[in-house]
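> Okay, structure incoming, though there's no sequence with it:
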């Protein structure tokens, strides 16, 4: 075979440690600020790899993390996959039942957990049947946890050799894993092979993606449990950039301070994060002069946000992706021939989900199975294929059938494509609500609501929200003669038992009938359209409903 | 398997044709300037693919090209590999015997040949035994050739459908092929799989490589028969850039005109090309204002060249690579922490072969088999591995043994690495001479010289040359009582029969003995060192010795 060596993460670590040995990794950790170089990063990562070996972790084993964005979490990003094991980043904001299912489904052997998240994990463990049987815990820091029996991370790696002979790994070997919200039923696992992560890293490093170089200071605010923080820790390493991690539950003040103190040039997060920063900046004197690019994903960036950052000399780049695709698909770079267009036209283009990065192909299929015209008006479901797009869910053959066809991923996003090739999401076929960058399953919520004896029918939809982009609202058809206030408070109590606070509907509306489609399904589209003009505004959601503050 | 779709060239063509349908491909062709859009490019490439099908070319078949840089040649770049066949770009500057060997060894089914190169190919065909048996020819243009029986390209594709349903191709499928100079014996074939070309394209598209975007106008002057013009036609397509091809035997005036008229932003070529342009600019008023980057490879760029381009506001980027690695390995970007260094330090760094691009790993092994220190002083042989580095030669198991070990390519280049990670080539273990970007085998030449009855020993070495970087000089130990002038003219006549003019030694020096190493081999190093100060200067080589003008 003439083909070269397998595509793995190893050369990215090698390059950073050797060509940029003095470049820094800076992190707000649970135990204060941590600051070290790529050279020390490689040494600590080697220690972690040796410790994993000693713990008995073998090629193909899954290792979980239950962590915020910080330097120790980043050590697992290369340490786990580069010994041939698989890094499974668990979303700590999920309902306990999902966490239990996920850990069991993935068969995690070991879980790294943050001090601040240990209570949450402990509660899922306490509730569990046998999902956590045989799982060991390491808590991220020097101290033990009072909530979980766990080895402190620093003890775990202490005394290990600071060198590791990183093996040759097959590019088909799964290296990462992340679960995506199921529209019905349990979350679905997506495995990232070494090749998928390699491909995604290279593609996002290009000028058409989110280019990073050795003069960049990269701060991923998007959580590292969300598809590897959109791959940024890998991309920044490949590019030799300085890393900045904002640590546990970062507040707008923390974000602002890190940008100022560390000279951040590129950051990324959901709109909620940037709305928080904008608010903070309106009340405080913040120096954003080093900041060049803000990547916004997860939900659409409002035009006003793009304009505000333009005024600060910061380019907002809209990015779109999915858990199934490692995750970046498109980035809304302004095409060079639009540079002379008027500002409104530019804003309109930049507000779309963008242009597909090199290496991917897509098509948009309408309800008759035909490809749509690229006129910005016709719409259909977006289908995608490429080297970093998965071809199946983990152990979920029935879900595969619905979401994959002929090598294409059927994204469930309904889009238009304009003459310039910009994609815009106009609707979502998959029935999920996106609140502050986190997914809420509307189907799961409405099943829970309908479990109440006095509910004859219920639909839950996402309603636009200024701060959280979307919030769930339940539309309930009550049984005969039911008392409204009693039912609302009973439903709320019931949901509280099983779901985190931020999943609870902001409103429970009574209606006479749930509108249906021709085939008798709930027509969420009709309900959403009715509510489209009634944006929920700041203040209607309690502050602690925020997923990032749970 | 969770892994995504195979890595092939198809998505690059798809992206350019769909997102940049109006962007131009401009070319100086044998029949005048050609100018069309990516959209028309895709249509013509589809016609070519249909024509290849009709001609009976099948998956895995090899299709040769014997062409300069122009738009029709570019059509073969996607048209041939994207039907699953393999594009074999033949170097028309080689001796006939090499061309015969290469076509036979590769088993080419069909060869696309330029009008201006048809006489050269016809001469190799006329001389051949059965190497060209069953090979068909297509001549690049609308007219027939008077030298070869060949279908004109425009007739070949005429009437074919302008759409093609590009198939899914395995990423391990060989897509390209190029022969490299053998130090002894015949040239060695290197196959490029779809995955290697995909990887190389993505890696060179990064800021650490040679980034290209939709505001770039890319002109590869480096021949398309030299490792796919360093991959630029693929990279420019992936980036959505405008292409400019300088056509047959471009003169400095042609290069200058294309830069001015087409607004070229990035170009690439060997130092000889840029020396020619510099000379031309000193005598003519040339507007280089659009030009941003000049990639120099093949041989080291003199400092004076970097300085001259700096004065024009053009960045010279030194790149290093090999036929065995698709070809780019390192690019001499200035590290961000060197931006404050004094100009001399910067020039010194930029004059080196540069920093390895993301995705590759290297080590440098000294004569004791140990890795050298990165101090800019210790030296050893450069070993490289990565996804676009081949792991074997085509049908040459004996060459594999010498050049590959444990998944590493042993480059034969002797290098130092400095504290910043910049590689610098200090010597060449492989016994080849590089003249104007083309390889000359010194061993082959000296064997030819020693075939003369009156020569008892001879060594041929490359001596530094101002314009051609290196030129061959023969050191001959004559037999007893031989008359010098007679022998020199006899040797010259003898060589002329078998080699192109530009292979002939510039000088034939008589010596008493060829210096030997401890093991009795010719010590070229000793001879080269003796001649290091005696740079050959312009004028000693006849103009027509230039490979580009053969």
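It's in. The shown structure was predicted, so the numbers you read here are calculated from the model rather than taken from an experiment.
> and stretch A:352-369, how far apart are its ends?
Stretch A:352-369 has an end-to-end distance of 24 Å (criterion: Cα to Cα, to the nearest Å).
> Quick one: mean pLDDT over it.
Taken as a whole, stretch A:352-369 has a mean pLDDT of 96.
> which parts of that stretch are buried?
A:352-365 (16 or more other Cβ atoms under 10 Å in any protein chain shown). Placement of C-beta: from N, CA and C, glycine included.
> now these in CSV, with distance to residue B:141 and secondary structure?
What follows is the buried residues of stretch A:352-369, written out as CSV (distance: Cβ to Cβ, whole Å; DSSP: H, G, I helix; E, B strand; the rest coil):
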residue, distance to residue B:141, secondary structure
A:352, 43, coil
A:353, 44, coil
A:354, 41, strand
A:355, 36, strand
A:356, 36, strand
A:357, 37, coil
A:358, 32, coil
A:359, 34, coil
A:360, 36, coil
A:361, 33, strand
A:362, 37, strand
A:363, 36, strand
A:364, 40, strand
A:365, 42, strand
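> and the residues you listed near chain B, which?
Under the cut-off given by Cβ under 8 Å from any Cβ of the partner chain, chain B has A:355-356, A:358-361 from the buried residues of stretch A:352-369 close to it.
> that older thread, which two from the buried residues of stretch A:352-369 end up farthest apart in space?
A:358 and A:365 (22.5 Å; Cβ to Cβ).
> Quick check: which element contains the residue of chain A positioned farthest from its centre?
What lies farthest from the middle of chain A is residue A:481; by Cα atoms, centre = their mean that is 43.4 Å. Using DSSP states H and E, residue A:481 sits in no helix or strand.
> How confident was the prediction at it?
88.
> From residue A:248, how far out is it?
As judged by Cβ to Cβ, to the nearest Å, residue A:481 and residue A:248 stand 49 Å apart.
> again, but for residue A:496
24 Å.
> Who has more neighbours out of these two?
Using other Cβ atoms under 10 Å in any protein chain shown as the criterion, residue A:496 and residue A:248 rank with residue A:248 on top: 17 against 12.
> residue contacts, the more buried one?
Residues counted as contacts of residue A:248 (Cβ atoms under 8 Å, 6 or more residues apart in numbering or on different chains) are A:28, A:30, A:68, A:70, A:114, A:116-117.
> show me where pLDDT drops low in chain A?
Within chain A, the stretches with pLDDT under 70 are A:182-184, A:519, A:531-550.
> same thing but 80
A:1, A:181-185, A:427-431, A:516-522, A:525, A:528-550 (pLDDT under 80).
> the domain parsing of it - what is it?
In the domain annotation for chain A, the residue ranges read A:10-186, A:432-549 (automatic domain parsing).
> roughly how far out does the longest one sit from the chain middle?
Pointing back at domain A:10-186 there. 17 Å (Cα atoms, centre = their mean, to the nearest Å).
> Please see if that domain touches chain B.
Yes - legend: contact between domain A:10-186 and chain B by Cβ under 8 Å from any Cβ is shown at A:10-12, A:14-15, A:18-19, A:168, A:171-172, A:174.
> Top of the residues you listed by number of neighbours, please.
Using other Cβ under 10 Å as the neighbour criterion, residue A:12 leads the residues of domain A:10-186 next to chain B with 27 neighbours.
> which ones are touching it?
By Cβ under 8 Å, 6+ apart, residue A:12 lies in contact with A:78, A:201, A:234, A:237-238, B:358-359.
> same question, residue A:13
A:42, A:45, A:78, A:82, A:166, A:237.
> ok but it is inside a strand, no?
No - if the criterion is DSSP: H, G, I helix; E, B strand; the rest coil, then residue A:13 is helix and not within a strand.
> I'd like the next helix or strand past the lengthiest helix in chain A.
Looking across chain A with DSSP state H, the single longest helix is helix A:38-55. Using DSSP H and E, the helix or strand that follows helix A:38-55 towards the C-terminus is strand A:62-66.
> Could you spell out the sheet neighbours of that following strand, each with its direction?
Sheet pairing of strand A:62-66 (DSSP bridges) gives strand A:86-89 (parallel), strand A:108-113 (parallel).
> Most tightly packed of those strands?
Mean neighbours per residue, mean count of other Cβ atoms under 10 Å in any protein chain shown, is largest over the strands paired with strand A:62-66 for strand A:86-89, with a mean of 26.
> Other residues contacting that one?
Residues outside strand A:86-89 that contact it (Cβ under 8 Å, 6+ apart) are A:60-65, A:67, A:76-77, A:80-81, A:106, A:108, A:174-178, A:191, A:224-226, A:228.
> Next SSE downstream of it?
helix A:96-106.
> same for that following helix, what does it pack against?
Applying 3 or more Cβ pairs under 8 Å, 6 or more residues apart in numbering or on different chains; DSSP states H and E, one finds that helix A:96-106 contacts strand A:62-66, helix A:118-127, strand A:174-180, strand A:188-193.
> Would you map the strands across the stretch 151-300 of chain A?
Assigned by DSSP state E, counting those that start in this stretch, the stretch 151-300 of chain A shows strands spanning A:151-152, A:174-180, A:188-193, A:217-220, A:242-245, A:266-269, A:293-296.
> The longest one pairs with which strands, parallel or anti?
As defined by DSSP bridges, the strand partners of strand A:174-180 come to strand A:86-89 (parallel), strand A:188-193 (antiparallel).
> For those strands, give me a markdown table that also has distance to residue B:393.
Shown next, in a markdown table, are the strands paired with strand A:174-180 (distance: least, Cβ to Cβ, whole Å):
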| stretch | distance to residue B:393 |
| --- | --- |
| strand A:86-89 | 36 |
| strand A:188-193 | 29 |
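> of those, which approaches residue B:3 most closely?
Using Cβ to Cβ, the nearest of the strands paired with strand A:174-180 to residue B:3 is strand A:188-193, at 4.5 Å.
> What are the contacting residues of the closest one?
Here strand A:188-193 makes contact (Cβ under 8 Å, 6+ apart) with A:86, A:102, A:105-106, A:171-180, A:182, A:200, A:228, A:323-324, A:326, A:388, A:390, A:393-396, A:399, B:2-3.
> Which of those are buried? Put it as a ChimeraX command.
Buried residues among those (16+ other Cβ under 10 Å), as a ChimeraX selection:
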select /A:86,102,105,106,171,173,174,175,176,177,178,179,180,182,200,228,323,324,326,388,390,393,394,396,399 /B:2,3
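> mind listing what the residue nearest to residue A:107 when sequence neighbours are not counted touches?
Of all residues not flanking residue A:107 in the chain, residue A:62 sits nearest, at 5.9 Å (Cβ to Cβ, 6 or more residues apart in numbering or on different chains). Residues in contact with residue A:62 (Cβ under 8 Å, 6+ apart) are A:85-86, A:88, A:106-109, A:177.
> closest to chain B among those?
Nearest to chain B among the contacts of residue A:62, counting by Cβ to the nearest Cβ, is residue A:177 at 9.2 Å.
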